[in-house]
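Asker: Turn this into a model:
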Amino acid sequence: MGEQGSGGSSKTGRTAKKVAPAKKVTPARKAVTAKKDISTKKAATARKIAVKPPADESRTALVRRARRINRELAEVYPYAHPELDFENPFQLLVATVLSAQTTDLRVNQTTPALFAKYPSAEDLAVADPEKVEEILRPCGFFRAKTRSVIGLSKALVEDFGGEVPGKLEDLVKLPGVGRKTAFVVLGNAFGRPGITVDTHFQRLVRRWRWTDETDPDKIEAAVGALFPKSDWTDLSHHVIWHGRRICHARKPACGACPIAPLCPAYGEGETDPEKAQKLLKYEKGGFPGQRLKPPQAYLDAGGRPAPPLGAA
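Answerer: Okay, here's the model as predicted:
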């Protein structure tokens, strides 16, 4: 009631209350704005990074954070693609089977000779195992992998007329083909959505607290429930690319990570920007990629193709 009374002293007091804060706040705002243009912006980001999502993060908040991470990774890796060289579903299927316990780069350096000699399932099904082993030797576990690719080729010929089936239930019946391999083929050779849960994908989704599951099938289900089905294939590429280039298993480059403010695991790796920059791999570190014949979009973005096997 006293504030509503008439009189000059009441108005003067009201005016003082309005003006005094303005004189204090305005310079502060200008100072903050000026600092943001130089170093304080980084400090603010660091403070934001240090705050981990609460243990009781709601389902809605988790979905929003997960989808934002995927959107930001899509901007970082707009050219993300399967990192195995292939020209048809058969080549992708064989290459994916060969990629177990080795790098995509080594597979890409090995398969040109394999597909030149055995271009189809019919050819590989009747191949001399010793000759195939000699070609696959650089991939490691070459005897087991020889049995796998010859076995799946025979199954393709006997059960599917030599053609790679486009259904999950058919693919997983093939020797050496599990859900991960099947989804790689379905998503990239047939355009059918699928989540590829490889070691990189498993590591990152747990670091981001999208799920605590450790079983690949349960991870696939848990992460798939956070995204529209149409996002699954590209999501897999974004996560895997980030795991290979920046968020490494032993020493993640936290200080060079574009999604650091959203990561609950920030600080597990190198946080100094200059030191983190030296940890980057492939095109992010200025090095060749894994494919000998990468898509044009990747080359246009500054990526360089990998050298063939035996190149200096």
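
Asker: ok, so what distance separates residue 220 from residue 201?
Answerer: 9 Å (C-beta to C-beta, to the nearest Å). Where you see a C-beta, it was placed from the backbone N, CA and C, and this is true even at glycine.

Asker: Give me the common contacts of the two.
Answerer: Residues within reach of residue 220 and of residue 201 at once, by C-beta atoms under 8 Å, 6 or more residues apart in numbering, are residue 195.

Asker: Run a quick neighbour tally on residue 211.
Answerer: For residue 211, the neighbour count with other C-beta atoms under 10 Å is 19.

Asker: pLDDT at it, what is it?
Answerer: Per-residue pLDDT puts residue 211 at 96.

Asker: Could you verify my assumption that it touches residue 224?
Answerer: No. Residue 211 is not in contact with residue 224 according to C-beta atoms under 8 Å; the separation is 10.2 Å.

Asker: I'd guessed residue 207 sits against residue 266; true?
Answerer: No. In this structure residue 207 lies outside contact range of residue 266 using C-beta under 8 Å: 9.3 Å.

Asker: So these two - more neighbours on which side?
Answerer: More crowded of residue 207 and residue 266, by other C-beta under 10 Å: residue 266, with 22 against 17.

Asker: That one: helix or strand, and which one exactly?
Answerer: For residue 266, there is no host helix or strand (DSSP states H and E).

Asker: Roughly how far does it sit from residue 255?
Answerer: Computed as C-beta to C-beta, the residue 266 to residue 255 distance reads 9 Å.

Asker: now the helices for the stretch 1-150 of the chain?
Answerer: Listed in chain order, the helices of the stretch 1-150 of the chain (DSSP state H, counting those that start in this stretch) span 8-36, 40-50, 59-76, 89-98, 104-117, 121-125, 129-136, 142-160.

Asker: By mean pLDDT, show me the worst of the ones you listed.
Answerer: Note on the helices of the stretch 1-150 of the chain: lowest mean pLDDT is at helix 40-50, with a mean of 38.

Asker: Residue 210: how many residues sit nearby?
Answerer: Residue 210 has 22 neighbours, counted by other C-beta under 10 Å.

Asker: My read is that it contacts residue 223, right?
Answerer: Yes. The pair residue 210 / residue 223 is scored as a contact, 5.6 Å apart, by C-beta under 8 Å.

Asker: So for this structure, the centremost residue is which one?
Answerer: residue 239 (1.6 Å; C-alpha atoms, centre = their mean).

Asker: Run through the residues that contact that residue.
Answerer: 70, 73, 200-201, 204-205.

Asker: Among these, which one lies nearest to residue 287?
Answerer: Closest approach between the contacts of residue 239 and residue 287, by C-beta to C-beta: residue 200, at 17.5 Å.

Asker: tell me what the strand or helix carrying the closest one is packed against?
Answerer: Assigned by DSSP H and E, residue 200 belongs to helix 199-207. Applying 3 or more C-beta pairs under 8 Å, 6 or more residues apart in numbering; DSSP states H and E, we find helix 199-207 packed against helix 216-224, helix 232-245.
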